[in-house]
Structure formats: structure tokens, C-alpha cells
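**Student:** Take a look and give me a structure for this.
(chains A and B)
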Amino acid sequence: MIAASSVKRWPGWVLLVFVVAGCLAYGVTRDAGARTPEERVEEISKQLACPICNGETVYESRNTASASIRAEIKNQVSATDASDDAIIAYIVQQFGAKTQLLPRASGFESLVWVIPGVALVCAGVGLFFSFRKWRTNVDTVPDAADRARVDAALAAEDAAAAEEPAS
Amino acid sequence: MLAEGLNGLLGHTALIIGFAASLFGALALIAAIRLRNERLIKTVMPYGWLALGGAVLAVVVMERGLITRDWQLAYVQRVGSRDTPALFNFTALWSALEGSILLWLLLLAVYTAIIMHRYRARLADPLVGWALVVMFFVTAFFFFLALGPTDAFRAGATPDFTACCKGPNPLLQNHVLVLFHPPILYLGYVGFTVPFAFAIAALVTGRVGEGWLVETRRWALFAWGFLTVGIVLGGWWSYEVLGWGGVWGWDPVENASFLPWLTGTAYIHSVMVQERRGMLRVWNLSLLVATFSLTILGTFLTRSGVVNSVHAFSDSTIGPFLLGAFGVVVLVSLGLIAWRGDRLRSPGAIDSPISREGAFLANNVLLALFAFVILLGTVFPLIVEAKDNRKIAVGSPFFDTMSQPIGLVLLFLMAVAPALPWRKASGELLRDRLFWPAWCGAGTLALSVFLGATGLAPLLAFTFAGFAGGASIRQLVLATRRQGYRGLLGRTNGGMVVHLGVIIIAVALAASNSYTRSAEFTVMKGETVSFAGHTFTVLDVVDFTTPRTVGIKAEISIDGGQAYAPAISKYTAFGMDVPTPSVKSSFVEDIYLTLENGSKPSTGEAKIKVFIKPMVVWLWVGGMLCAFGTLLAAFPGKNRRRPTDAVSAPIPLDEVSSV
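**Tutor:** Now for the predicted structure:
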């Protein structure tokens, strides 16, 4: 079956790699188009926490504190040419650290970033050693005695099935 | 404090009967199993029916209290009102903590009764017996919660109608999905109690082989299906009522439903490795324990007031009990696993990482990591607060950053794994089997670039989704070519339909999150604005009043066609504004209109916000496909193997020894 499909040999795969790489390169590098001021305000407000209602972003929250932060972001977007990150930093500075939604990458808070990485590394190392252990344990090759035991079990089961044709 | 009325009395009586029945049921069953007393076992069934009767009666009485507006009950004062419409008055049962515990209890008692009835001929079998003991104990615990810390039938103070009796939270009384999302989600949560109970029974009896898995695989599947549908419905509800156009906000309560979904998903994959190869026994037990305990922990986090969220109910005394139950579940399970450690050692070995079981293992590690990261992000603010006594928020930017790479790798695994054979795969085999699926991925990428997609993460998501979709369809085509329509049935093939559903959801999420366009306009009546290729004409802006709300409604014609009417209503009793977005849906994009505060009907001025969100409808289509695939997977496939059948062609000895 494998031999019959010669198209699936390496030329097809090489072509595939070129198509994917080309499309990705073109799609990633091209200009996404201008954003409306509202879209910038939205993107920025999704990165900020509502200071009085734990658990909602400024974007989702409907209370007055969030409304005033949204107004300030809007003001910054239209009146200055600061970048999104600069506006976020400005808002956090103006409205307090409670609006910081993304945990900082320094101090104790960096743990929330570090621990998942450590967990990933541990999982990878654990898998590596498991596979190595499984590889060295290739005494699972059935010998003649094992095969005889399986044959006996199968024969017994077939005999039992023959006795109970109703089931 | 008012005297206890008829409903209060009936409710308490029902709960006491149910509590006693489930406790006695558990104790009688333990005694019967220990003494091997067949006659004693026969006495257990009535306890189960009595517990079910107690739970049903409690719910019926509470509904009666709500419907007849029995103001003697504190709970009715809290969630009932004189003018709540019938539907939302009915669903008010689960609109606060006490009532939602009653709903949980009812579903738990139903599951317990079904298990008891289904296995009625096998109650003397210790595996079934102990599973039922666990179910009885869990039911008794929830009866206890409903009696003590979250007593729904407590008599209230004399109602002061100027302050109390406003009805359920406005967000819980303006969309019909309130009738479906919570019960279906709970069916999923509570459903995982069944496989958990059998896992504990397997540990207690020492029958940790594959027998208990076979008993529970369909239960786990149904619980998973309900949980999936419940979560998708929750997203739909949020989209329809919250007015910010999103379906998922990484809120602690949403995370609490996602955590057991992740571990449950890991379980229904890794269980296949155990059935085929007899391996990963401890891992599978741990996943079930994790899934069950995460439902308890999630309930604790969100119902005890330690984590604030839009969903959280008010503070109550339930916290320590749920935390205690979580601790007991984890300790007992770990103790049992340690005790049975010798029997749990698995005999087999995974020969190669590039194999079906290797892929399942990788998928499990990723799903477990995903669950761990989300749990960490959810509880991290608590840790920081405990350590430094300051509040921080961990929100969607963190979860988005973390879930993107994990989600992409999971999609990639979904593409490769179905093509992998058990035991070991060769390069030629993969080159052959993955060829057309990979081209599906490339084609999807080319199409999305052609349609204007940008950005690395969404493009990778589309590519892998196309790849994974191709792999699922390849498997389904092969199976149906061999077996006709029966090729859609069974775990593997039904699973592929679920995969297609998940892939569609992933694509829809990537597209709608990455390419939403939005703008805000202040438009006078009669004026037209255009945005993103559409025109919006404000036909009218009017005030309206209903018995419970005052609001403003705009009529907006999209592209000169039919009028859509976004509104914003103030629930007068709460003083709370609730938006009612109006959405024009199509398979390509949704046009989502909201009316903002500051609109003035007197001058004909409407402040509207427009979101153009691509592919949102496919989220719901994907959810339905997941439910459909789960049903297909529950049917037995055609070629069920006997346990002794060879699982793959024997590997030639010379090849094995060269490994």
C-alpha cells in the first residue's frame, strides 16, 4: 500500500513544507491593517483589572471605576502617540497596582510564571526516564513458555464459548 | 424570626430522612459486605430509594415555596419576588448557594439510585457494593450540607418588602439559558462521582485490574459530555447577556468548571492505554480522584467567598466543610493508592514514544499541566494575599499567554495521534498516513491567508486544526468505508466526531478572539454610519418600561435590511443595568450590537457599539458536534475485541531485540 502511493514520498512532503512556510511567512509579516481607536482601547483595557471588583477586566466591568479608566485610556489613545504598553504602565501608575492584571515577572509574583515552566521540565524529564526504563526492560519479549500459556488460555476460552453458544 | 411553616417543616423532614437513609444505606452495605450477608444486602435498596425520595421532596417543596411565594422561607425572600416571571421563578431554585446545593443533591441522589438499580443483581459483588457505599457517603455529605451550613429551609425574618424579595440577580432572570446551563453543568460535575466511586471501590477491594474501568467507561463519557455541553452553553449565555461580546473570561468559576473538564478529558484518553496495555493504573486512578476532588475544590473556591468573581454567591459557612471534604477525599484516595501500591504496579512497557500510547501519554501530560497552570493562576492571588497581605489579580492575559502554546500542541497531537498505531510506528507508515491530513492543514492555512488572516498564533491554530480535522476525517472515512454507518459508532470513531467538534471550537475561538473588529458611534435617529463594510441605520430610539425594568431600546437596520434592537434595561429593584445585545448571526460572522449608557431617546441620540466577530456560530456548532460524538462513542462499535485478542501484529523478534 505504501509503495503504491508514490506521491506521498518526499517530493510531496517537501512541497508541503514550502507551502506552509511560505503562507506562514506571508501571513505573519503582512500588515494587519489599522486599528480603530476603540479597538486599541479594548485591547488595552483587556490587559487591566477593574480595581474594585476582583476578577473582571476593565473591559468587561461596567462600574464607574472601570468607566473612568476606560475614559483615561481613550484620552491617552487619542491625545498621545504612546504605545499600548506605555499606556498600560501609565494607568497602573495612575490607578494603582490593583489594576495590574498580568502578574509581574519579578519578585514573588514571578513564581506564577516560573512554576509552570518547572512543571513542564519535570514532566519532560519524568517522561524521558520512564521511556528509558521501559526501553531497558525489554524482557517483555514473549518466550516459548509465554506463548504456550496464551495458547492454552485462548483454547480454554474458545472451549468455554463453544459450550455456551447462547451468549 | 418567623415560625417554621409547612414548607420549612416538610423540607427539613425530607432532608433528615434523606440524610439518615443514605448514611444507614452506606453502613448497612459495609456491614453486609464484611459479613457476606445476602439478606442484609437486600435491605440496602430501600435506603437508596428513600434518599432519592428525600432529595426529590426537598426540591419539590422548595419549588412549591418559590411558586406560592412562601415568604416564611428565608431563601424565598432572597431569590423570590412577587413579579418574577414563572420561568425565572422556577430557575430561582439554583440562583443562590442553598438552592444550588439542593439541585446538586437531587442529581447525586438520582445518579446513586440509577447505579443501585442498574447493578441491583450484583450488589453482593464487593466492587459494586463499595462503589455504592462511596456514592451513599457523598450523598450523605451533601444532605448534611443542605441541612446545616446551607440550610435552604431556614425560616426568615418578617419580610420588609421595601428591602427584600427582589427576585434573583438580574443576570439570572433575563435569558432562557439559565434553565439549561446550570443543570447540565451539574450533571457533568456530579456524574464524575460514579467513576470516582468505582475507582475507590477498586482500591478497597484490591481489584485494580481493568474490570472497574469497563464498568465506568460509559459513565465517565456521559459525565464528560454533559460537562462539555454545560461549559459551551455557559459561553453562549455569557455572549448573549453580558454585552461585551465574549464567551470566556477566565473567571474563577469558569476555571472551576474547566479544571475537571481537563482532567476528565485526560482520563477518557489514558483509560484506553490501561484497557489495551494494562498500564498507567495509578495515573488513571489519580485522574479520577483529581477530577472529583477538583469539582469539590472548585465549589469551595467559588462558593465560600475566598475568591471573588462575577459568579460567586455571597459568603457562607460552607467553606470549611467543602475544604474538609476535599482534604478527606485526597487523603483517603492517596492512602488507598499507597496501600495498594504493590497491585498497582503495571506489568507492561511503552515501547516507543512514537505510538498511540505514547501520544496519549503526551496528551495526558499536557492536559495535566494545563489543569495545573490554571489552578495555579486561579489560587495565586490567595497565595500572594496570604504571604504579603496585598491583593493582586491574575486574569485573562496570564491565562491566554499560558493556554495558547498548550492548546497549539494539543491540536498538533490531535492531528498525529489518530494515525499512530499501538506499540510502535515507522517513519514510512507516518509518511503515508499523515500525508493527506497534513495537506488539509496546509490547505487550511493557505485559505485563511487568502481570506486575510494574520498573526502567528491564529495561523498556526488554523494549520494544526486543518491537519487534525484531516486526520479525524481520514479515520472516519476509513471506518465507514469498511463498516458503513456503523463506522461512526464506538469509542474511536465517535471520539473522532468529538475531535472534529473540539477542532471547530478551537478555530472559532482563534478567529473570533483574533479578528474581532469593533467601534463605538453616537448616531442621531435617521442617520447611518458605516463600519467594516456594513452600514448601520438608527431607525428609532425609545424608552420602554416593564413591570420590573425601565430601559432604552434602539432599532438599528443593518445594511438597510431587517432591524435589530439592542437595549439596556435597569432592573429597578436592584438599580442594576443589564445590557441586551442584539446579534445578527451568519456562518461567516456575527454582527453584535449593544446600546451604551448615555443614549437619549428625548433627542433621538443613540450610543451604539458594534462588534464584528467572525465565526462565532461555529462555537455552538462545535459544541453540538461534541455532544453528538459523545453519544456515538457510547454505542458499542462493531468489532469489540476480546481481552485476549492480539492488539497489533506481532513484532518480529529480531526487530524487538534490536531496540
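**Student:** check contacts around residue B:445.
**Tutor:** Residue B:445 makes contact with A:19-20, A:23-24, A:27, B:459, B:462-463, B:466, according to C-beta atoms under 8 Å, 6 or more residues apart in numbering or on different chains. All C-beta spots, glycine's among them, are computed from the backbone N, C-alpha and C.
**Student:** ok, for it, nearest residue in space, not its chain neighbours?
**Tutor:** With C-beta to C-beta, 6 or more residues apart in numbering or on different chains as the criterion, residue B:445 has its nearest non-adjacent residue at 4.3 Å, and that residue is residue B:463.
**Student:** buried sites along whichever strand or helix holds the one you found?
**Tutor:** Taking DSSP states H and E as the criterion, residue B:463 maps to helix B:456-483. Residues of helix B:456-483 classed as buried by neighbour count (16 or more other C-beta atoms under 10 Å in any protein chain shown): B:457-476, B:479, B:483.
**Student:** One more: stretch B:619-628?
**Tutor:** Quick answer for stretch B:619-628 (16+ other C-beta under 10 Å): B:619-620, B:622-623, B:625-628.
**Student:** What is the distance between that stretch and the centre of its chain?
**Tutor:** Stretch B:619-628 sits 13 Å away from the centroid of its parent chain (C-alpha atoms, centre = their mean, to the nearest Å).
**Student:** and residue B:535, which of the three is it?
**Tutor:** Of the three states, residue B:535 takes strand under DSSP: H, G, I helix; E, B strand; the rest coil.
**Student:** how about it, what does it touch?
**Tutor:** Contacts for residue B:535 (C-beta under 8 Å, 6+ apart) come out as B:528-529, B:558-560.
**Student:** can you pull out the helices in chain A?
**Tutor:** Along chain A, counting by DSSP state H, helices occupy A:10-29, A:37-45, A:64-79, A:84-95, A:111-136, A:144-163.
**Student:** I'd like the ones you listed as a markdown table, with distance to residue B:337 and mean neighbour count appended.
**Tutor:** Converted to a markdown table, these look like this (distance: least, C-beta to C-beta, whole Å; neighbours: other C-beta atoms under 10 Å in any protein chain shown):
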| stretch | distance to residue B:337 | mean neighbour count |
| --- | --- | --- |
| helix A:10-29 | 45 | 14 |
| helix A:37-45 | 47 | 19 |
| helix A:64-79 | 47 | 16 |
| helix A:84-95 | 46 | 16 |
| helix A:111-136 | 17 | 14 |
| helix A:144-163 | 29 | 10 |
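**Student:** Quick one: the ones you listed as CSV, columns for mean pLDDT too.
**Tutor:** As requested, those are exported to CSV (pLDDT from 0 to 100):
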stretch, mean pLDDT
helix A:10-29, 89
helix A:37-45, 84
helix A:64-79, 86
helix A:84-95, 86
helix A:111-136, 88
helix A:144-163, 83
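**Student:** a markdown table for these, including distance to residue B:412?
**Tutor:** Below are the helices of chain A laid out as a markdown table (distance: least, C-beta to C-beta, whole Å):
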| stretch | distance to residue B:412 |
| --- | --- |
| helix A:10-29 | 13 |
| helix A:37-45 | 28 |
| helix A:64-79 | 37 |
| helix A:84-95 | 30 |
| helix A:111-136 | 16 |
| helix A:144-163 | 37 |
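**Student:** will you turn those helices into CSV that also has distance to chain B?
**Tutor:** Shown next, in CSV, are the helices of chain A (distance: least, C-beta to the nearest C-beta, whole Å):
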stretch, distance to chain B
helix A:10-29, 4
helix A:37-45, 5
helix A:64-79, 8
helix A:84-95, 10
helix A:111-136, 4
helix A:144-163, 6
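**Student:** thinking again about what came up before, mark which of the contacts of residue B:535 are buried, thanks.
**Tutor:** Buried residues within the contacts of residue B:535, counting neighbours by 16+ other C-beta under 10 Å: B:529, B:558.
**Student:** From the contacts of residue B:535, which one has the minimum pLDDT?
**Tutor:** Of all the contacts of residue B:535, residue B:560 has the smallest pLDDT value, namely 89.
**Student:** And the closest residue in space to residue B:123 that isn't next to it in sequence, what's its pLDDT?
**Tutor:** Distance criterion C-beta to C-beta, 6+ apart; nearest residue to residue B:123, sequence neighbours excluded, is residue B:41 at 5.0 Å. pLDDT, residue B:41: 87.
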